[in-house]
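> I'd like to go over a predicted model; first the sequence, then the structure.
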Amino acid sequence: MGAMGATGVSRVAVKLRPRRSGTTTLVSPGVSTPVFPGPGLGKVPRPRRGGVRVGAGERPGGAGERPVAAPAPVSAWLPSAPCSRVCVESVGSPAAVPRALVRLAALLAVLLFGIVLIPVVARLAAVWRDRLTRTWCRTIVRATGVRLRITGAAPPGGGLLLVANHISWLDIPLLAAVRPARMLAKAEIRQWPVAGVLTASSGALFIQRDRLRALPRTVERIADSLRGGSAVVVFPEGSTWCGRAQGRFRRAAFQAALDAGVPVQPVHLHYRFDGGAATTAPAFVGSDSLLTSVWRVLSARALVAEVRVEPVLGAGSAPDRRTLALAAETATNGAATNGAADTGTAVVETADAHRRSAEARRRSTDAHGMSANSEAYAHL
């Protein structure tokens with residue numbers, strides 16, 4: 001009651017609070033005002049709300065409020081792609097909802113069946129374990145309504161580094177249908193629903209991509225797995241692309257193949273419609289959520305996933321990791337060009353050309369949004 005007058009109306013005090021740098025801040029409840037640093041001040045102060053300083057991971061409202069996680073820092077050296085949601089085709093429609101729901105039920109049933117059998121399958125001999133894993137992964141792809149076509153075959157045994165271009169979450173079961181392997185995955189996948197459990201149970205090698213100092217140790221772990229006779233899957237682009245273009249292959253993982261003395265198996269992944277036209281609908285890029293991407297695949301009609309297993313690059317075929325990475329990248333790029341010619345689809349863009357076209361699409365989308373916002377503000 002100390003802040004209430006006799007009439008029951010609260011008084012809100014607005015103060016000008018001096019700062020040590022000689023600047024002033026207008027403090028008012030519920031309003032945050034930026035403070036611009038004066039000469040010699042190297043750090044911009046955080047905004048104030050309600051006269052209370054809001055720190056990282058905090059928000060105003062008292063003890064009953066849950067803390068808000070501070071955004072994770074982004075390292076400048078992390079691989080990135082120019083692709084975003086503007087690259088992805090829209091294939092959904094109200095008529096596709098029943099079909100998507102049936103496929104979703106089938107997909108969940110297949111996933112649950114496999115998860116339940118993981119302890120049993122793990123006790124089988126390697127030959128039977130790999131055969132059942134390949135069959136299960138093919139069934140997962142088919143449950144989503146995607147037709148699978150595999151050309152070529154990977155060596156069935158021994159240490160092998162499988163490398164492929166990266167477009168979608170579907171890439172993981174597609175490569176496991178070629179040869180079951182341990183996957184090099186970012187640590188965030190652990191938190192994904194269902195997929196996190198499956199990835200961890202497959203013996204995945206998780207990496208914290210924002211820790212550059214951990215990279216040598218990761219290369220050692222990959223090399224140890226390869227020496228032990230395991231196959232390891234790596235997406236050397238380091239990020240997903242929409243499928244219209246392909247990124248450069250990063251070289252670090254290829255050092256593990258050189259250290260272990262094992263061959264490298266290039267694989268090209270391509271998505272199209274049954275009529276032959278390439279599509280970006282399965283792409284998992286930009287700000288897309290996993291559930292959004294899954295629903296888009298389930299809603300699509302007549303999707304085809306093509307897996308081209310290229311000739312293996314034998315151990316000792318390249319003198320260094322740079323040459324080996326370039327050879328694998330060239331093999332998958334060649335498969336992309338040949339696949340486009342064979343199916344009559346448009347020729348795959350180069351990375352630079354796609355980057356320019358993606359930026360043009362993004363600017364067009366932003367301009368459309370700004371125009372819509374201008375019209376909205378005109379009515380205020």
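The structure has been received and is ready for your questions. Numbers count the residues shown, from 1 in each chain.
> separation between R147 and T330?
Here R147 is placed at a distance of 28 Å from T330 (Cβ to Cβ, to the nearest Å). Backbone N, C-alpha and C define where each C-beta goes, glycine included.
> Likewise for I189?
I189 sits 29 Å away from T330, going by Cβ to Cβ.
> Check the average confidence over stretch 321-329, would you?
The predicted model assigns stretch 321-329 a mean pLDDT of 95.
> Contacts for that stretch next, please.
Identification of contacts with stretch 321-329 by Cβ atoms under 8 Å, 6 or more residues apart in numbering yields 163, 236, 246, 248-252, 254-255, 257-258, 264, 266, 313, 317-318.
> before we move on, back to that, neighbour count for I189 and T330, which is higher?
Neighbour totals were compared for I189 and T330, and I189 leads with 18 against 13 (other Cβ atoms under 10 Å).
> nearest spatial neighbour of that one, skipping sequence neighbours?
With Cβ to Cβ, 6 or more residues apart in numbering as the criterion, I189 has its nearest non-adjacent residue at 5.3 Å, and that residue is T199.
> Check which element follows the helix or strand containing the one you found along the chain.
When elements are assigned from DSSP states H and E, T199 belongs to helix 195-201. Per DSSP H and E, the first helix or strand lying C-terminal to helix 195-201 is strand 205-207.
> Quick one: neighbours of the residue nearest to H166 when sequence neighbours are not counted, just the number.
With Cβ to Cβ, 6+ apart as the criterion, H166 has its nearest non-adjacent residue at 3.8 Å, and that residue is F235. By other Cβ under 10 Å, the residues close to F235 number 27.
> can you check P236 too?
By the criterion of other Cβ under 10 Å, P236 has 24 neighbours.
> Among the contacts of stretch 321-329, name the ones in strands.
Counting by DSSP state E, the part of the contacts of stretch 321-329 found in strands is V163, V264, P266.
> Now for those, which sits with the most neighbours around it?
Neighbour-wise, the ones in strands among the contacts of stretch 321-329 (other Cβ under 10 Å) top out at V163, 28 neighbours.
> Which pLDDT does the model give that residue?
If you check V163, the pLDDT there is 96.
> The one 10 residues further on too?
According to the predicted model, the pLDDT of P173 comes to 92.
> how about it, what does it touch?
Per Cβ under 8 Å, 6+ apart, neighbours of P173: C137, R138, I140, V141.
> Only the buried subset of those residues, as a ChimeraX command please.
Per 16 or more other Cβ atoms under 10 Å, the buried members of these correspond to this ChimeraX selection:
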select :137,138,140,141
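> Among the contacts of P173, which one lies nearest to V91?
Checking the contacts of P173 against V91 by Cβ to Cβ gives V141 as the nearest, at 17.0 Å.
> so the closest one makes contact with L148?
Yes. The pair V141 and L148 passes the contact test of Cβ atoms under 8 Å, sitting 5.0 Å apart.
> so what sits against both of these two?
Overlap of the contact sets of V141 and L148 (by Cβ under 8 Å, 6+ apart) consists of L174, A177, A305.
> pretty sure A278 contacts H270?
Yes. Using Cβ under 8 Å, A278 is in contact with H270, at 7.1 Å.
> in the stretch 1-150 of the chain, which ranges drop under the pLDDT threshold?
Low-confidence segments of the stretch 1-150 of the chain, defined by pLDDT under 70: 1-81.
> swap that for the stretch 201-350 of the chain, please
Residues of the stretch 201-350 of the chain that meet the cut-off, pLDDT under 70, sit at 209-210, 334-350.
> and for A278 and H270, which residues touch both?
G243.
> show me the contacts for the residue nearest to I189.
I172, M183, A185, I189, R190, W192 are the contacts of T199 under Cβ under 8 Å, 6+ apart.
> do T133 as well
V121, A176, P180.
> Give me the neighbour count for the first one.
V121 is surrounded by 14 other residues when neighbours are defined as other Cβ under 10 Å.
> how close does it get to V102?
Applying Cβ to Cβ, the value for V121 to V102 is 27 Å.
> E237: what's its closest spatial neighbour, skipping adjacent residues?
Distances taken as Cβ to Cβ, 6+ apart place G247 nearest to E237, at 3.9 Å, with adjacent residues excluded.
> Looks like the one you found contacts T240 (just checking).
No. Counting by Cβ under 8 Å, G247 does not reach T240; the two are 9.2 Å apart.
> one step back: show me the contacts for the residue nearest to H166.
V163, A164, N165, H166, D171, L184.
> Now do the contacts for the third one.
Neighbouring residues of N165 by Cβ under 8 Å, 6+ apart: F235, E237, W241, Q246, G247, H268, L269, T332, A336.
> Name the nearest residue to it, ignoring sequence neighbours.
Distances taken as Cβ to Cβ, 6+ apart place Q246 nearest to N165, at 4.9 Å, with adjacent residues excluded.
> in the stretch 251-380 of the chain, which spans are helices?
In the stretch 251-380 of the chain, the segments counted as helices under DSSP state H, counting those that start in this stretch are 252-260, 290-299, 321-343, 351-378.
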